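>>> Whatever this is, show me its structure:
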Amino acid sequence: MASIDLNADLGETVDGVATADDEAMFAVISSASIACGGHAGDAASMREAVDRARRFRVAVGAHPSYPDQANFGRTAVPIDAEELTRTVAAQLSALIDSGADVRYVKPHGALYHAVTADAAQADSVVAAISALADRLGRPVAVLGLSGHIERAALEAGLPFVREAFLDRGYRPDGSLVPRGEPGDLLDDPQQVAERAIRLVREGGVDAVDGAFVPVAAASLCLHGDSPDAVAMARAVRAALDAGGIEVRAPW
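This next block holds a predicted model:
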């Protein structure tokens, strides 16, 4: 039986207000990337997310970012290598302190893209993840796109898991359409569900120009803060279940 991980970015409270219907999202996913204070989230939201993960038997991942709640972590922040390692390590520790059994780490927003393209930042983030793995006494996987973060993770002896996005537009070269540009977001549940099936069955997506782009991924992501996130997540899960594709975490 084919299988795939279905992950969502959750626990993203801002000033105590949730940006997503976490209860509904946890019910259909297999992995949750939980905000740990960089772009969103606080001690209370982390504890709540960890509790939900236990109730729904969902794997927990840490979702660190640049320390920039004002811009929800979607703007690059000038920061030196040592400080980036420290801030990511502090976010990972905060999630561990909430009682989380962290199985993987997925950088958020601008940091997610920076560690793909920038070797120094990738090395800094992986240094923090390696320290967490040493603390836990077991490997901690890294979730992301191919690039410097994959190289850094593998050099550090950490598992790397590639992901694909169900609700983001793709360029013909396989990169994501930047937010704010035409075709950046998908919001139709049926279209997103069909993309999930195609990613599993055919290993690719249709780019904004209609070209088929090969995308090898073991985890599929939906953003919990999208307006139609719950409808899309339910449609994806229903399509995967109907297609005989097992939804399970790889961690």
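>>> Relative to residue 95, how far out is residue 64?
8 Å (C-beta to C-beta, to the nearest Å). Any C-beta I mention is one placed from the backbone N, CA and C, and that applies to glycine too.
>>> out of these two, which sits in the busier spot?
Taking other C-beta atoms under 10 Å, residue 64 and residue 95 do not tie; residue 64 has more neighbours (32 against 29).
>>> what's the following helix or strand after the helix or strand bottoming out on mean pLDDT in the chain?
When the helices and strands of the chain are scored by mean pLDDT, DSSP states H and E, strand 17-18 comes last with a mean of 88. For strand 17-18, the following helix or strand on the C-terminal side (DSSP states H and E) is helix 22-26.
>>> I would like the residues contacting the next helix or strand after that next one, please.
Counting by DSSP H and E, the element after helix 22-26 in chain order, helix or strand, is strand 31-35. The contact list for strand 31-35 (C-beta atoms under 8 Å, 6 or more residues apart in numbering) reads 5-13, 25-26, 41, 45-46, 49-50, 52-53, 58-63, 65, 95, 100, 103-104, 106, 108, 143, 219, 221, 249, 251.
>>> Mind checking which of those land in strands?
Among the contacts of strand 31-35, the members found in strands (DSSP state E) are 5-10, 13, 59-63, 103-104, 143, 219, 221.
>>> Name the surrounding residues that touch stretch 205-218.
By C-beta under 8 Å, 6+ apart, stretch 205-218 touches 4-5, 161-164, 169-174, 177, 182-183, 195, 198-199, 202-204, 250.
>>> let's see it at 10 Å
For stretch 205-218, contacts defined as C-beta atoms under 10 Å, 6 or more residues apart in numbering pick out 3-5, 141, 143, 145-146, 160-166, 168-175, 177, 181-184, 186, 191, 194-196, 198-200, 202-204, 250.
>>> among these, which ones are buried?
By neighbour count, with 16 or more other C-beta atoms under 10 Å, those hold 4-5, 141, 143, 145, 160-161, 163-166, 168-171, 177, 186, 194-196, 199-200, 204, 250 as buried.
>>> can you give me the helices for the chain?
22-26, 43-56, 81-97, 109-117, 119-136, 148-155, 189-202, 229-242 (DSSP state H).
>>> looking at these, which is closest to residue 37?
helix 81-97 (5.3 Å; C-beta to C-beta).
>>> what's that closest one packed up against?
If you count contacts as 3 or more C-beta pairs under 10 Å, 6 or more residues apart in numbering; DSSP states H and E, helix 81-97 packs onto strand 31-35, helix 43-56, strand 59-63, strand 102-105, helix 109-117, helix 119-136.
>>> Quick check: mean pLDDT of it?
Averaging pLDDT along helix 81-97 gives 98.
>>> surely residue 28 meets residue 22?
No: Residue 28 lies out of contact with residue 22 (C-beta atoms under 10 Å); the separation is 11.6 Å.
>>> Quick check: neighbours shared by these two?
Residues touching both residue 28 and residue 22 by C-beta under 10 Å, 6+ apart: 8, 230.
>>> re earlier: most tightly packed of the helices of the chain?
Per-stretch averages of neighbours, counted by mean count of other C-beta atoms under 10 Å, single out helix 109-117 among the helices of the chain, with a mean of 22.
>>> in the sheet, who's paired with residue 8?
Beta-bridge partners recorded for residue 8 (DSSP bridges): residue 32, residue 222.
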